[in-house]
Every structure is written in C-alpha cells, then in structure tokens.
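Novice: Below is the structure, and that's it, no one-letter string:
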C-alpha cells in the first residue's frame with residue numbers, strides 16, 4: 001500500500017481476504033490500524049470498518065440471490081449469530097434479508113401493488 005493508491009477492485013479483494021475486519025486488513029497491507037484509518041479517510045472519506053461492513057453486506061446480497069441459505073451466508077461472512085447478521089443487513093439495506101430476496105425475485109408484483117394502491121387512492 002505504501003507505493004500508491006489501491007484501485008477499488010484491489011480494496012474489495014483485500015476486504016474478502018481480511019474477512020471484513022479492519023485489523024486484519026491493516027495487517028494484510030502491512031501498516032498500522034491508524035495508518036489504515038488515515039488512508040481510508042484520504043481515499044474514500046470514511047472509516048475502514050464502515051466500508052468493510054458495506055462490502056460484507058454487498059457480498060451477502062450476492063450470496064442470498066444465488067440461493068445460499070441465510071444461516072450459511074451469515075456464517076460464511078463471519079457473523080457469529082444470524083440475528084446480528086439480519087440486524088446489520090437491515091440497517092444498511094432498510095429491509096430484512098428475506099424481504100430483500102422477495103423484492104429481487106418478484107419486482108413486478110411489488111410494482112403492480114404500488115400502481116394498484118395509487119389507482120385506489
């Protein structure tokens with residue numbers, strides 16, 4: 001990392017290798033946690049852990065849409081409890097993992113109900 005700016009793709013690969021943990025990411029980059037914080041603020045304008053949490057939930061969305069079971073997704077992404085995963089997912093996506101899956105699998109139904117509600121109102 002000392003040689004220059006990492007591309008977004010590089011950061012995402014490192015995030016996965018670090019298991020979405022800021023301390024692990026700093027170790028992979030061979031810098032201190034504080035140096036990592038400064039680098040993230042400079043390059044991305046946010047803390048490393050905020051960005052890593054977002055990346056982890058993004059990975060969760062992909063796995064859920066690929067049909068992976070909720071408990072497996074939570075475990076694979078390092079959540080110790082499925083309930084913690086669900087709360088974190090909802091805080092970022094503004095919906096539960098189950099609602100997210102349904103919204104992606106049945107977008108036409110969602111649009112139709114919204115159109116029907118508008119027509120009735």
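Specialist: Yep, it's here. For clarity, every value in this text was computed on a predicted model and none was experimentally measured. Residues are numbered from 1 along each chain as shown.
Novice: and the helix or strand containing residue 24, what other elements does it pack with?
Specialist: Take DSSP states H and E as the rule and residue 24 turns out to sit in helix 22-29. Helices and strands touching helix 22-29, by 3 or more Cβ pairs under 8 Å, 6 or more residues apart in numbering; DSSP states H and E, are helix 8-17, helix 33-44, helix 48-65. Where you see a C-beta, it was placed from the backbone N, CA and C, and this is true even at glycine.
Novice: Would you check how far apart the residue nearest to the spatial centre of the chain and residue 94 are?
Specialist: For the chain, the residue nearest the mean C-alpha position is residue 57 (2.2 Å; Cα atoms, centre = their mean). Residue 57 is 12 Å from residue 94, where distance means Cβ to Cβ, to the nearest Å.
Novice: cool, and residue 54?
Specialist: 13 Å.
Novice: These two: who's more crowded?
Specialist: Set residue 54 next to residue 94 and count neighbours by other Cβ atoms under 10 Å: residue 54 wins out with 14 against 9.
Novice: Surely that one and residue 92 touch.
Specialist: Yes - Residue 54 is in contact with residue 92 according to Cβ atoms under 8 Å; the separation is 6.5 Å.
Novice: picking up where we left off before, now tell me which of the helices and strands packed on helix 22-29 the model trusts least on average.
Specialist: Per-stretch mean pLDDT for the helices and strands packed on helix 22-29 is lowest at helix 8-17 (a mean of 84).
Novice: Now do residue 2, the pLDDT please.
Specialist: 43.
Novice: With residue 93 instead?
Specialist: At residue 93, pLDDT is 93.
Novice: so it sits right up against residue 58, yeah?
Specialist: No - taking contacts as Cβ under 8 Å, residue 93 lies outside contact range of residue 58: 9.8 Å.
Novice: Tell me who's in contact with residue 81.
Specialist: residue 74 (Cβ atoms under 8 Å, 6 or more residues apart in numbering).
Novice: Mind putting the helices and strands packed on helix 22-29 into JSON lines with distance to residue 102?
Specialist: Putting the helices and strands packed on helix 22-29 into JSON lines (distance: least, Cβ to Cβ, whole Å) gives the following:
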{"stretch": "helix 8-17", "distance to residue 102": "27"}
{"stretch": "helix 33-44", "distance to residue 102": "32"}
{"stretch": "helix 48-65", "distance to residue 102": "11"}
